[in-house]
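>>> Next one to model:
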Amino acid sequence: MNTIQKIGIYGGSFDPFHKGHQSVAQTAIEQLNLDELYLVPAWQNPTKKNSPLVTSEHRLKMLDLVKTNKIKVSDFEIRAQKVSYTIDTINYFVKKFPNAQLFLIIGSDNLKFFHKWKNYEQILELAQLVVYQRDYRISKSHINKYKLISLIAKPLNFNSTEIRQGNLNQCPAEISSYIAKNFLYIDVILKYQINNGERLKHCYNTAKMAASLAKAHNSDAKIAYYAGLLHDITKTWEPEKHRLFLENHHFGDVSKLLNYQLHQLSAAQFLKSNYPLPYPEIVRAIECHTSLCHQMNLLDKIVYVSDKIAIGRRFEGVQQLRKLALEDIDAVFKILVKQSAQLHKEEKNSDEQNELYKIHS
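Alright, predicted model coming up:
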């Protein structure tokens, strides 16, 4: 006698897929004894006004990284390229698995308006509704009205919003790596962390200048662009926040660091801790973009120079420096180092800092 297959359907934007999603999927498989569970990324969720932040191609590739022998991925809604209504997806799975028992998995926050979903009564006829706990409480009236099954699981404090604020640790490691490798969510993370329009504009101007200089000097323009874009990601933090952050990440004694030195170090550490770029050259360039280092390579110089001469910077001779930098980056670098040394001469620089100014000017 053939056993009826149990198929789970778990839809969402998955923008990105995080450990909370992963836990729900695994809990559903175990508690419902599912044969397979399909992750179904939406083209456009009808309950959300905003479109996904990354392309459907990237979202599908991220989901492919977490597939198992029981966790599968369906691109049905992506291929449709229209607003994703659950009833259409259910009908698709009914045709795909005509003899299976279907389980539709949703969060409790959807219960409040489930009765407004397109053809919700037909959904209930074709699939068993399964609900996992989120912010919205699952009441007895919901259980009775929809004959739903409630997943028994610990509430998990994972959400896509926090990830978009820069904490990729909430994603499975393989997805965090994919995100960082492809520079996904950079714009929203940068906007959240900086929270200052003028500073954000400077970051983009620095990125454009860095890419332009990289092209002129036969270097990787994409790497230079993102090094320039991220160089000030922690710039708007208060000094004490920088120091506390660095101390919490075992940086050592930060008491002797001058304020202008803080953000290059906290920015580099922020990326190391939260956004695991597989490009150490970017982190290195950011880490020395204000106070220099002994061996400044081409990318280091490009970021240093771009920060100083980006569109929006105004000082005598900047236009000439922009032109010269396209031809002779070393000459412009030395000029700008001399200017920085002069600017900071009244501050109590360390002997090492003064030595760096001397070496590079």
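>>> per-domain residue ranges of this structure.
6-178, 186-360 (automatic domain parsing).
>>> can I get those domains in a markdown table with mean pLDDT and mean neighbour count?
Using the backbone N, CA and C atoms, a C-beta is placed for each residue, glycine as well. Converted to a markdown table, the domains of the chain look like this (pLDDT from 0 to 100; neighbours: other C-beta atoms under 10 Å):
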| stretch | mean pLDDT | mean neighbour count |
| --- | --- | --- |
| domain 6-178 | 92 | 17 |
| domain 186-360 | 95 | 18 |
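>>> Just the strands from the protein, written as ranges.
Taking DSSP state E, the strands of the chain run over residues 6-12, 36-41, 71-73, 101-107, 128-132, 149-150.
>>> who touches the fifth one?
Right, strand 128-132. 8, 24, 27-28, 32, 101-108, 110-111, 123, 138, 142, 146-151, 153 (C-beta atoms under 8 Å, 6 or more residues apart in numbering).
>>> same thing but 7 Å
Contacts with strand 128-132, where a contact means C-beta atoms under 7 Å, 6 or more residues apart in numbering, come from 24, 28, 32, 101-108, 111, 138, 146, 148-151, 153.
>>> Which stretches in the stretch 51-200 of the chain count as helices?
Secondary structure of the stretch 51-200 of the chain (DSSP state H, counting those that start in this stretch): helices located at 56-64, 76-80, 86-96, 120-126, 140-146, 160-164, 173-181, 186-194, 197-216.
>>> Let me know which of those helices is the nearest to Lys323.
Among the helices of the stretch 51-200 of the chain, helix 197-216 comes nearest to Lys323, with 10.7 Å by C-beta to C-beta.
>>> Please report the distance of the closest residue to Asp232 other than its chain neighbours from Tyr226.
Closest residue to Asp232 apart from its sequence neighbours, by C-beta to C-beta, 6 or more residues apart in numbering: Cys203 at 5.4 Å. Noted for Cys203: a distance of 10 Å to Tyr226, by C-beta to C-beta, to the nearest Å.
>>> Could you do Leu190 as well?
For Leu190 relative to Tyr226 (C-beta to C-beta), the value is 10 Å.
>>> Also Ile359?
27 Å.
>>> Over to Gly8?
38 Å.
>>> Equivalent analysis for His242, please.
Taking C-beta to C-beta, one finds His242 at 22 Å from Tyr226.
>>> What residues does the closest residue to Phe14 other than its chain neighbours make contact with?
Distance criterion C-beta to C-beta, 6+ apart; nearest residue to Phe14, sequence neighbours excluded, is Pro41 at 4.9 Å. By C-beta under 7 Å, 6+ apart, Pro41 lies in contact with 12-14, 56, 59-60, 63, 77-78.
>>> Tell me both backbone torsions, phi and psi, for Lys48.
Per-residue torsions, Lys48: phi -120, psi 140 (degrees, to the nearest 10).
>>> what sits up against stretch 71-83?
25, 36-44, 46, 56, 60, 63-64, 67, 84, 89, 92.
>>> swap the cut-off to 8 Å and go again
11, 25-26, 29, 36-46, 56, 59-60, 63-64, 67, 84, 88-89, 92.
>>> Quote the end-to-end distance of it.
Using C-alpha to C-alpha, to the nearest Å, one end of stretch 71-83 lies 24 Å from the other.
>>> and that stretch, how far from the chain's centre?
Offset of stretch 71-83 from its chain centre (C-alpha atoms, centre = their mean, to the nearest Å): 22 Å.
>>> In contact with the residue nearest to Asp232: list those residues for me.
Cys203 neighbours (C-beta under 8 Å, 6+ apart): 190, 194, 228-233.
>>> farthest-separated two in those residues?
Ile194 and Gly228 (13.8 Å).
>>> returning to that earlier point: would you turn the helices of the stretch 51-200 of the chain into JSON lines with distance to Met296?
Formatted as JSON lines, the helices of the stretch 51-200 of the chain follow (distance: least, C-beta to C-beta, whole Å):
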{"stretch": "helix 56-64", "distance to Met296": "34"}
{"stretch": "helix 76-80", "distance to Met296": "45"}
{"stretch": "helix 86-96", "distance to Met296": "55"}
{"stretch": "helix 120-126", "distance to Met296": "61"}
{"stretch": "helix 140-146", "distance to Met296": "62"}
{"stretch": "helix 160-164", "distance to Met296": "33"}
{"stretch": "helix 173-181", "distance to Met296": "25"}
{"stretch": "helix 186-194", "distance to Met296": "25"}
{"stretch": "helix 197-216", "distance to Met296": "14"}
